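A.B. asks: My questions are about this predicted structure, shown below with the sequence.
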Amino acid sequence: MQLSIGGMTERAAPRRRLGPLLVVAPLFAVLFFLIPYPIGILLLGSVSRVEPTRIGEALRHLDFSYYAEMYSSPALYQATLNSVIGCVGGALLAMLTGLFFAWVVARTDIKGKGAIEIIAIMPLFISPLIASMAWSILASDRAGILNIFFKDLGWDFRLNIYSFTGIWFVLGVYYAPYAYLFLTPALRRMDPVLEEASTISGASTWQTVRRVTFPLIIHPILSAALLVFVITLGLFAVPATLAVPVNLHFLTTYLFNLVTGNPPAYEKAATVSVLLIALTFLGVFLQRQIIGKRSFVTVTGKSTQPRLLKLRRWRPVVLALVLLYLCLTVVLPYLALVLVSVRRFMFFTSVASIFDANMLTTQHFQFVWSHAQAIRSIGNSLYMGAAAALAGSLLCFLTSYCIHRTELPGRKSLDYLTMIPIAVPGLVIGVAYLWAWISFPVPIYGTIWVLALAYVARFVPDGVRAAGVNLLQVHKELEESSRIHGGSFWQTLWRVMVPLARPGLLSSMLLLFILSVRELGSSIFLYTTESIVLSVQIYNQWESGELGATAVLSLVQTLLLVGVVVLARKYVMRAEAA
Amino acid sequence: MKGAVRCIAFAAVVLAWAAGAAFAASLTEELGGEALIREAKKEGKVVVYTANILSLAKTMQTAFNKRFPEIKAEVVRLGGGALHRKILTEHSAGKLLADVIEMSDRGLIRREMAAGVIGKHTIPTDGKYPADTKIPGMVYPGYTYLYLIAYNPAIVKNPPKSWMDLVDPRFRGQLGLVPAELGGTPWMTALFQYQVLGNNSDSYWRKLAAQKPRFFTSGAGIGKNLISGETPAAVALDVVSVSDIKKGAPVKFVYPPEGVVMIIFNFSVTTVAKNPNAAKLWMNWTHSREGQEVWTKQVGGLSPRTDIAPPEAAPKTVKVWQATEEDFVKLRDSYTKRWNAIFGYKP
């Protein structure tokens, strides 16, 4: 018996060493071309007078004058300042909103928590482009539907979405789910003993919240705010729709203008990209520092249930706030989009004119149906979303497996490689890809695949983390037992790890799919007429003033995402039940 | 005066049109003959890259498809500057899908010619188009646009009557326009404002900039804001929102006495056309009497052909202005830079 096991392990040994190596080497190659190569080209381009894809020559012609020129431009300072003001405000509001939901779900005795949890994360399914377009229909200063209501009510109060307040609001409510998802576990994990001690010592509820609870969660709170700050800093859609019309430029729209000028100023755009990367990196760095501190303060090894606050007469107030959030993020914007999609044109003299049945039409649906490019963009988005989800999850799963489950040399470097895109906004990835692949010997630019590759590169950090969490849940014993019984690296991976990690794999595919279909920042630089995706088509139509058709396509995108999520959940749930 | 100020009496045009109609060539001749049509039908498809307003481009597309159901016309629309960039990038990657290109900016067309994108084709109706509107054998004027003042009559009770009215304090914060550097049409309008309204100075630009106008990325984008009242008045195209206006949308146009800017939309086939015959047919058809009348009658725009009647809604006489091609191309970069500085546009 012993002999036979020994024999099997001995026979399997060379394969076991070779198998993982065969995985790691291609993984490195793939990740290299996905991430450091294009970003390296971008960086090189910012300091060279020569086309950076000719690397050797570019290195011989280094020149830092682009930095000198750009970084002394007052306009860049203004754009940086606007970005910081816009995103800090948005991040603070998102943090407060997320904290509210996290607190309601984790620390109160409110009923219907399942529904509230869904409401709290619903905006994740709505692309920031659609959100800001819908809000510009609702709250533009002169013609916003809500302002028409106020006028009819005789109020002097007017909303103006084209302002910092408007941008703070849109970022604040639509990015609250990120803060919520980050803060809920922290609030749940809090050790109740400290709060109980405070209460027993005679402190009032408010004093306990202020002196005990708040200091305990200040680190997660700051960390959540920084997380939202970092995400929104790289965002293009919101400032493009809400700030640019009033000539307010953010770093992303400034970068966009540089690349889309005639002729495009890639070199200058590269210097701005470096600034964006630096700011994002600073945000990520600070956030990591803070997370480090937090984990020692609030996480305990004990399995404890924090005490739940009895809301009593405050329950209706909390519920009203939850419903208000639902209205602001989902109900009102989608009512506006549905209205625009079935109305001939948008001119309202009064609230009554909004409901004028004579103005109803199906022309916008017919328009989209007869517009080959719009239809193609829907197909492309589905195709590309699926491709990015499949290839991305496979890549992330393999990478994560190598990082967490092997002792291979270089696995740490793999981990670092996959973390790079955290600090690189989508727009920068778009510019880098455009530049790096346009003159690459393998004709990738202009094909549908360059978009899928950019999506994978953008979302690798999310995918690898998700796969990592998933893999760590599978106990090593199962894997070891497969190996002991002679299973090769591939057999173990395919027969043991994949089936066990399947639910997690499916949800990470779903995540990548949603993120890819929503993606605009990279796509806007990389699409061609043939490979155009839905989000770009929506943006182009919006920019062309085709409001009705824009609304129709926005509804299509949302229905697609919701449809796929519902189907996938059903499938995952069925698979798990089975 | 560098630009040519011309006064078109439309009544005279109508007479010329009536006379021209009598000698009109048959449609098949204007389309380039049976053989071309047959070959185009075999190709079955034509891809048109246009900077035209999408709904108007689709009106042309629908009419073309009605005439040639066997040839699927596909329209790809982007603003002028963005379209030019897309064309050059796709071309350099060998991925240009366009069979036909339609753009208002002659300067950008020249750059595309230099890049080897613009192909050769002489339309059968070449003789019908005035010499200063075309580059014979290559680029032809498909449509004529007028850049003028548009406003929402439901919001603006005291409408502007002239370009000078537009810089009156009552329109402060009420105006919309497209920055000069974003396309051929806004650039030519800025040049008109500089050379004619500012008497070869930036004085009109400064007055207009003081009105704090809202910037739009393309002429088409202004339409929805005019209709909703978000932007009560604008420097806009005579065909903006026309399909909505027909359905009752509140937009009116002013033909200012100082003149309106006339812009020629340049059409050409590409050197890389996958459907070269269908591309030629699209060119021939859009420039034929039938195609031009779709533009004047269904869209309501002007035809560059002297033998085609202007649309019914157009006023009897309009003073039109056009930049010389030399000024248009030569002054562009330095002037738009100055425009940006005065208007505080683009960081």
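C.D. replies: Structure's in. What do you need? Residues are numbered from 1 along each chain as shown, chains lettered A, B, ... in the order given.
A.B. asks: Can you pull the phi and psi angles for B:Gly173?
C.D. replies: For B:Gly173, the backbone dihedrals are phi 80, psi 10 (criterion: degrees, to the nearest 10).
A.B. asks: Touching, it and B:Ala210? I think so.
C.D. replies: No: if you go by CB atoms under 8 Å, B:Gly173 and B:Ala210 don't touch, sitting 10.6 Å apart. To be clear about C-beta, it is placed using only N, CA and C from the backbone, and glycine gets the same treatment.
A.B. asks: ranges for the helices of the stretch 151-300 of chain B?
C.D. replies: All helices of the stretch 151-300 of chain B, identified by DSSP state H, counting those that start in this stretch, fall at B:163-166, B:184-192, B:203-210, B:219-228, B:242-246, B:276-287, B:289-293.
A.B. asks: Relative to A:Ala387, how far out is the residue in the stretch 1-150 of chain B that chain A sits nearest to?
C.D. replies: The stretch 1-150 of chain B approaches chain A most closely through B:Lys95 (3.3 Å), counting by CB to the nearest CB. Taking CB to CB, to the nearest Å as the measure, B:Lys95 falls 19 Å from A:Ala387.
A.B. asks: and the gap between A:Ser132 and A:Ala143?
C.D. replies: From A:Ser132 to A:Ala143 the distance is 16 Å (CB to CB).
A.B. asks: ditto for B:Ala73
C.D. replies: Counting by CB to CB - B:Ala73 and A:Ala143 are separated by 34 Å.
A.B. asks: just B:Leu302 next, same as before
C.D. replies: The value you get for B:Leu302 to A:Ala143, if CB to CB is used, is 30 Å.
A.B. asks: Compare these two (neighbour count), which wins?
C.D. replies: Here B:Leu302 and A:Ala143 are compared on neighbour count by other CB atoms under 10 Å in any protein chain shown; more neighbours surround B:Leu302, at 26 against 23.
A.B. asks: bridging residues for the more buried one?
C.D. replies: B:Leu302 forms beta bridges with B:Thr144, as assigned by DSSP bridges.
A.B. asks: what about the helix or strand harbouring A:Gly172, average pLDDT?
C.D. replies: For A:Gly172, the host element (DSSP states H and E) is helix A:164-174. The average pLDDT within helix A:164-174 is 96.
A.B. asks: for it, packing partners?
C.D. replies: helix A:74-107, helix A:128-139, helix A:237-242 (3 or more CB pairs under 8 Å, 6 or more residues apart in numbering or on different chains; DSSP states H and E).
A.B. asks: Make JSON lines out of those and add mean neighbour count, mean pLDDT and distance to chain B.
C.D. replies: Listed next are the helices and strands packed on helix A:164-174 as JSON lines, based on neighbours: other CB atoms under 10 Å in any protein chain shown; pLDDT from 0 to 100; distance: least, CB to the nearest CB, whole Å:
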{"stretch": "helix A:74-107", "mean neighbour count": "21", "mean pLDDT": "94", "distance to chain B": "3"}
{"stretch": "helix A:128-139", "mean neighbour count": "25", "mean pLDDT": "95", "distance to chain B": "9"}
{"stretch": "helix A:237-242", "mean neighbour count": "27", "mean pLDDT": "94", "distance to chain B": "9"}
